[in-house]
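K.L.:
Any chance you could fold what I've pasted below:
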Amino acid sequence: MAEQYVLISGTALEDYAWRMLQGAGVPAERARLVARSLVEANLRGVDSHGVQLLNFYIEHMRLKCMDLETEGHVVSEAGGCMVYSGGNGIGQIVSNAACDHAIRLAKEHGVSLVTVRDSNHFGAAAFWTQKIARADLIGIAMCNATPLVPPWQGKEPRFGTNPICMALPGAAEKSWLLDMATTTVAMGKIFKASFSGEPSIPQGWAYDSEGVPTTDTANAIKGMPMPLGGYKGSGLAFLVEILVAVLSGGAMSTEVGGVRIRTRPMRCGQAFLGIDVARYIPVEEFEQRMDHLVQLVKATPPAAGYDEVLVAGEPEWRNARKRGAEGIPLSAGVWKELAKTASTVDVKPPEVQAVTLE
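P.N.:
Below is the predicted model of the structure:
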């Protein structure tokens with residue numbers, strides 16, 4: 001079915017997001033980092049973690065639930081281990097500082113784990129693991145979030161979508177990159193369906209408010225995302241909660257604010273791990289072995305209905321090439337919501353091209 005979209009270049013979209021964030025009171029340099037992190041998600045086709053998040057970010061800033069000036073501080077450091085307090089700062093600013101520490105500690109000790117408390121939403125986890133990977137480290141990132149997801153066999157939310165992400169050293173468009181929620185889909189995909197006026201979502205994405213599976217978008221918005229693979233996804237969400245919340249001394253489960261709890265600070269937790277590849281084998285050899293492994297997997301004969309076998313990160317790199325050349329398509333509904341938010345900070349939207357896409 002044909003849908004209405006607007007088409008905008010990554011540069012123009014980043015500038016728009018940058019101006020909106022400055023209008024909300026974010027210092028220019030910090031606003032640039034946040035804008036870049038969101039637009040890079042859009043370029044990769046991960047629109048759930050792109051500029052539509054500005055609707056939530058700017059409302060949270062307007063309600064004074066976020067400190068726009070701090071980047072947080074070190075609570076404790078011992079060897080490759082660190083506890084970092086975000087001080088309720090902007091999630092991307094806190095994460096940038098925490099990743100710098102994770103890189104430094106991994107280079108010093110071989111392995112690092114920086115666990116963060118009292119932070120805010122940091123966008124797509126892949127943005128941070130790629131930052132770590134560019135230092136020739138294996139980068140791993142996790143976070144908890146607004147409790148929207150019930151534990152397996154429950155009907156009340158206790159966990160966020162609690163993503164797990166890993167990136168590897170090597171040329172970006174060849175590198176394996178896994179970024180996955182511990183739910184079937186990120187909640188942002190359900191919000192995107194709502195913004196776009198889509199009446200239904202695929203089976204297996206969400207429950208209604210009573211814990212009954214639903215494909216109705218309105219019921220899903222009022223309900224809860226489904227754990228990935230039932231009890232297995234629930235277990236993975238618990239694992240993330242332990243590393244980012246229990247271990248950091250931060251907010252856990254229903255103590256976390258955010259998307260549906262906008263009248264108090266989010267206080268989410270994050271964890272950043274760095275593994276120095278060179279402590280094991282030379283980086284060049286690691287990259288060669290990874291390339292060989294990827295080719296072994298991709299040489300698998302495709303199953304019926306598929307043209308090829310893809311590996312983690314490959315669809316996103318293809319999207320980035322296409323959208324970088326042709327522009328980023330945003331649904332008319334998302335663009336309209338973004339314009340409403342922009343008007344609250346006295347920012348005018350840029351001119352865009354309206355297109356109809358199947």
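K.L.:
make it CA atoms for all contacts and neighbour counts henceforth
P.N.:
Will do.
K.L.:
does Glu314 really touch Trp176, like I thought?
P.N.:
Yes: counting by Cα atoms under 8 Å, Glu314 does reach Trp176; the two are 7.5 Å apart.
K.L.:
What pairs with the helix or strand harbouring Val75, parallel or antiparallel?
P.N.:
Taking DSSP states H and E as the definition, Val75 sits inside strand 73-78. Within its sheet, strand 73-78 is paired with strand 81-85 (antiparallel), according to DSSP bridges.
K.L.:
neighbouring contacts of the strand it pairs with?
P.N.:
Strand 81-85 is contacted by residues 72-77, 98, 105, 112-119, 248 when judged by Cα atoms under 8 Å, 6 or more residues apart in numbering.
K.L.:
Among those residues, the buried ones, what's the ChimeraX command?
P.N.:
The buried residues among these can be selected in ChimeraX (16 or more other Cα atoms under 10 Å) with this line:
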select :72,98,105,112,113,114,115,116,117,118,119,248
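K.L.:
phi, psi of Gln288?
P.N.:
For Gln288, the backbone dihedrals (degrees, to the nearest 10) come out as phi -60, psi -40.
K.L.:
do the same with Val149
P.N.:
Main-chain torsions, Val149, degrees, to the nearest 10: phi -110, psi 130.
K.L.:
Equivalent analysis for the one 3 residues further on, please.
P.N.:
Here is the backbone geometry of Trp152 (degrees, to the nearest 10): phi -50, psi 130.
K.L.:
Wait, it touches Tyr231, no?
P.N.:
Yes: assessed by Cα under 8 Å, Trp152 is found in contact with Tyr231 at 5.2 Å.
K.L.:
more neighbours, the two?
P.N.:
More crowded of Trp152 and Tyr231, by other Cα atoms under 10 Å: Trp152, with 16 against 13.
K.L.:
Now do the host helix or strand of His60: which elements does it pack against?
P.N.:
Assessed by DSSP H and E, His60 sits inside helix 54-62. If you count contacts as 3 or more Cα pairs under 8 Å, 6 or more residues apart in numbering; DSSP states H and E, helix 54-62 packs onto helix 332-344.
K.L.:
Only the buried residues of the helix it packs on, if you could.
P.N.:
Buried residues in helix 332-344 (16+ other Cα under 10 Å): Ala332, Gly333, Val334, Trp335, Leu338, Ala339, Thr341, Ala342.
K.L.:
contacting residues around the last one?
P.N.:
Residues in contact with Ala342 (Cα under 8 Å, 6+ apart) are Met20, Lys348, Pro349.
K.L.:
what would the buried residues of helix 332-344 look like in CSV with distance to Ala271?
P.N.:
Shown next, in CSV, are the buried residues of helix 332-344 (distance: Cα to Cα, whole Å):
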residue, distance to Ala271
Ala332, 35
Gly333, 33
Val334, 30
Trp335, 32
Leu338, 30
Ala339, 33
Thr341, 30
Ala342, 32
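K.L.:
which one among those gets closest to Lys192?
P.N.:
Val334 (6.9 Å; Cα to Cα).
K.L.:
Which residue, other than its chain neighbours, is closest to that closest one?
P.N.:
Phe195 (5.4 Å; Cα to Cα, 6 or more residues apart in numbering).
K.L.:
Could you do Glu14 as well?
P.N.:
Per Cα to Cα, 6+ apart, closest to Glu14 is Ala35, 5.5 Å.
K.L.:
Next, the contact list for the one you found, please.
P.N.:
Ala35 neighbours (Cα under 8 Å, 6+ apart): Glu14, Asp15, Ala17, Trp18, Leu21, Val51.
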